[in-house]
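Asks: coords below, sequence missing:
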């Protein structure tokens, strides 16, 4: 049972993540952009953040950097969503402090595998 | 008892052949023991309307419905009533290249025995009404003439 | 979450994509050189594949992938999209749609068949592809060593970025039994120690034939932030071998993180993930399925058949005896055997709709090719049939539908001249009728040309012989019989009606033609629900007992004195309708005079009703079908045999044959009366 924050401007992706993770026993919090995501991260303890990179207001890279500066969230695993082709962006996100990534499109199994890899009960 | 090869064609190579000796009317027939699957007491037969006369019925043998052949009809011999000696010999013959179980009514089953190649008599003179193609050969057993029938031909 | 359900959103999206795909494929039939159409079809396929994978439609993704690969040569322009190829592509589209909309009914046999078809069309130039189902199996790596020796050294900031080496070691343990030794030489003195830094290194001996990719997977997020030294362990290596020279086995375990110590061995790979996935999957697929080899189902059915026979004998013995407790046990076993039989038969049933999908396209294409507009209507897709039969039905139905369009439906001018709608109509229907399934192919075309069939038949029989229309039509089932004046590419080749008939009869089914000049032809296939056990009506004729398949039985009536008197006429008056009848005593060669109270059993095949006169109706009987041997293959009025409770064999009457016999007798009689 983990608390997972999904940050994405696409409601259907957030919904999909919810649909996959909730039956697996996780608590899913949603945020529509980086700024909202940061606010929710400051508000409470999280076990995992899954964030898109390309978002309005505050993009994913900015969110990762901001989260890494939060003393309350040290060691928080952060996963970003990326498309296969964009390797440079992947590197950039990694150096910004991301823990891992999920390549789009992904299957529910793959999402669960990543979540289970980074979140331990 | 199944020492011979299945359809018995080359069964007499070494000079002898295992057979099941049966009686039909006044004649004795030797069935290649390699074909014989079992010998059972008579069971009620079910008539099959429209079937050829030499396979007039079917019987239940261990959950399988198999045809019951009457060699007497094939050999033009008179029908006899079932007696205490009547048995059904279940044999397996190839019909259109498929093995088929067939019951054969015998008025009496004598024994499983060996017949010798050296006793083989050619050209049947016994019982002229028998079609030669139904007979593999004729041999002697206890000083009697015995017919070794060609079951595949008879049933096909 | 209904309006927001992403799966539902995908279904909607997919449904639009299918329309795009279908449109592109059909247009491609008309303009095979239009690259844009090929590309548009491929884009749609690609999106379906990608999104399908996203939303858990694994079979969709796997099949679409296979299909895409097989179709690749078309995309490259190396193979022209022929009509056949497009038909297969359309079938594939229908199949994918079924996978999404009704996955339980989409039998992977059909998917495989489609892929096989496709490969046939794109070969021999195309390279052979793996078959659909293989897509689920991960590729096997070429090297599978007995184990691995690893050293893990992480960059010190690894913990701050949310990675946990202990978790990674855990993951490693899931690949096989691990022997983990932490190396503490990098740990500084306490006052120099940064609590958020990682100082430990690990040596791990991993036993088990996992491939390197699996290990890389474990470290995929941190491979840039660590040094991973990997060496294969030879097969013969002892379990605790430590080939890395400088490891001190005696090194005391580090104070803090040692969680992943020795064997987390026999645990199956990643059980936690599996368990968590389950509820979602079950919800999505409705019911979990297990693949079973068809032979095993056949064996099971055989055993059940034997059980039913043994049970019938037990019941009979119990009924004769007076022991009440044995009666109760016999009843209990009867109940159990019946439900076991039903369950076993149910396990073999699949809906016929999976098959119908294929024909929608076939009709569409034929209609285009022949320039005959045709409306295609199907019904009864949910009707279930024994799996083996579904497989055997495909070819006969293709043939019947082709015939219906090619020979049945007239061209537009002829239809217009006859005052019919320009668009022809073909109905494919499956309905349950007791323990039988009727599959009908009905067209509203011109009907059979009896005169032409007769003319052709007179090459085989004496000209001018008295034959009923029904008898004449039977010639259509003769091998090599074709009245097609021009052999078109569509019909009049390959399998003929004789093959169709044989295929259906091999399934203990029957085929029946009815036609009306100017109004159309209906072909009815009557198929048993199962190939093994039927409900039968046990009757007595003379001394013999016979089985009539119960589904064919409509009603049983007393033979009236009036019917009895009309010896010459073989008609029965059933509530004002004249029904031809057969005296089973005649048919079955029973000597002697019939009993006092003869019963007539009215049987039917479709619209044709025939009465069978028997001496007694005994009752219902669970009939385990045994086939008759080759020695009785010349006997047509019996379709098989069964074993009764007392152990004797009883013959099963072949309803279709008896109906045909009664009909031809009746027609002859009518003709002679008219003459």
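Replies: All right, it came through fine. Bear in mind the structure is a predicted one, so any value in this text is a computation, not a measurement.
Asks: if I look at residue C:218, how far off is residue C:203?
Replies: According to CB to CB, to the nearest Å, residue C:218 stands 16 Å off from residue C:203. Heads up, the C-betas are built off the backbone N, CA and C, glycines and all.
Asks: same thing with residue C:319?
Replies: As judged by CB to CB, residue C:319 and residue C:203 stand 77 Å apart.
Asks: looking at those two now, which is surrounded by more residues?
Replies: Between residue C:319 and residue C:203, counted using other CB atoms under 10 Å in any protein chain shown, the more crowded position is residue C:203 (22 against 12).
Asks: can you give me how far the helix or strand of chain B with the lowest mean pLDDT is from the chain middle?
Replies: The helix or strand of chain B with the lowest confidence, counting by mean pLDDT, DSSP states H and E, is strand B:135-141 at a mean of 81. How far strand B:135-141 lies from its chain's middle: 12 Å, per CA atoms, centre = their mean, to the nearest Å.
Asks: tell me the bridge partners for residue C:555.
Replies: Taking DSSP bridges, one finds residue C:602 as the beta-bridge partners of residue C:555.
Asks: so what pLDDT did the closest residue to chain B within chain A get?
Replies: Each residue of chain A has a distance to chain B, by CB to the nearest CB, and the smallest belongs to residue A:109, at 48.7 Å. The score at residue A:109 is 81. That number is its pLDDT.
Asks: try residue C:444
Replies: pLDDT, read off for residue C:444, is 92.
Asks: which residue packs closest to it, ignoring adjacent ones?
Replies: Nearest residue to residue C:444, sequence neighbours excluded (CB to CB, 6 or more residues apart in numbering or on different chains): residue C:520, at 4.2 Å.
Asks: residue C:441 is in contact with that neighbour, correct?
Replies: No: no contact is recorded between residue C:520 and residue C:441 when judged using CB atoms under 8 Å, the distance being 10.6 Å.
Asks: show me the helices in chain A, by range?
Replies: Assigned by DSSP state H, the helices in chain A fall at A:11-21, A:34-43, A:60-68, A:87-96, A:108-118.
Asks: which elements pack onto the second one?
Replies: This points to helix A:34-43. Packed against helix A:34-43, as judged by 3 or more CB pairs under 8 Å, 6 or more residues apart in numbering or on different chains; DSSP states H and E, are the following elements: strand A:3-7, strand A:27-31, strand A:48-52, helix A:60-68.
Asks: turn these into CSV, columns for mean pLDDT and distance to residue C:406.
Replies: Below are the helices and strands packed on helix A:34-43 laid out as CSV (pLDDT from 0 to 100; distance: least, CB to CB, whole Å):
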stretch, mean pLDDT, distance to residue C:406
strand A:3-7, 92, 57
strand A:27-31, 91, 58
strand A:48-52, 92, 56
helix A:60-68, 89, 61
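Asks: relative to chain C, which of those is closest?
Replies: Of these, nearest to chain C by CB to the nearest CB is helix A:60-68, at 7.3 Å.
Asks: residue B:116: how many residues sit nearby?
Replies: Number of residues near residue B:116 (other CB under 10 Å) recorded here: 13.
Asks: bridging residues for it?
Replies: Per DSSP bridges, the residues bridged to residue B:116 are residue B:16.
Asks: output the below-cut-off pLDDT ranges for the stretch 201-350 of chain C.
Replies: Filtered on pLDDT under 70, the stretch 201-350 of chain C yields the residue ranges C:234-289.
Asks: how about the strands in it?
Replies: Per DSSP state E, counting those that start in this stretch, the stretch 201-350 of chain C has strands spanning C:201-207, C:226-233, C:349-351. These are given in chain order.
Asks: show me what the second one is packed against.
Replies: Read it as strand C:226-233. For strand C:226-233, the packing partners by 3+ CB pairs under 8 Å, 6+ apart come out as strand C:147-154.
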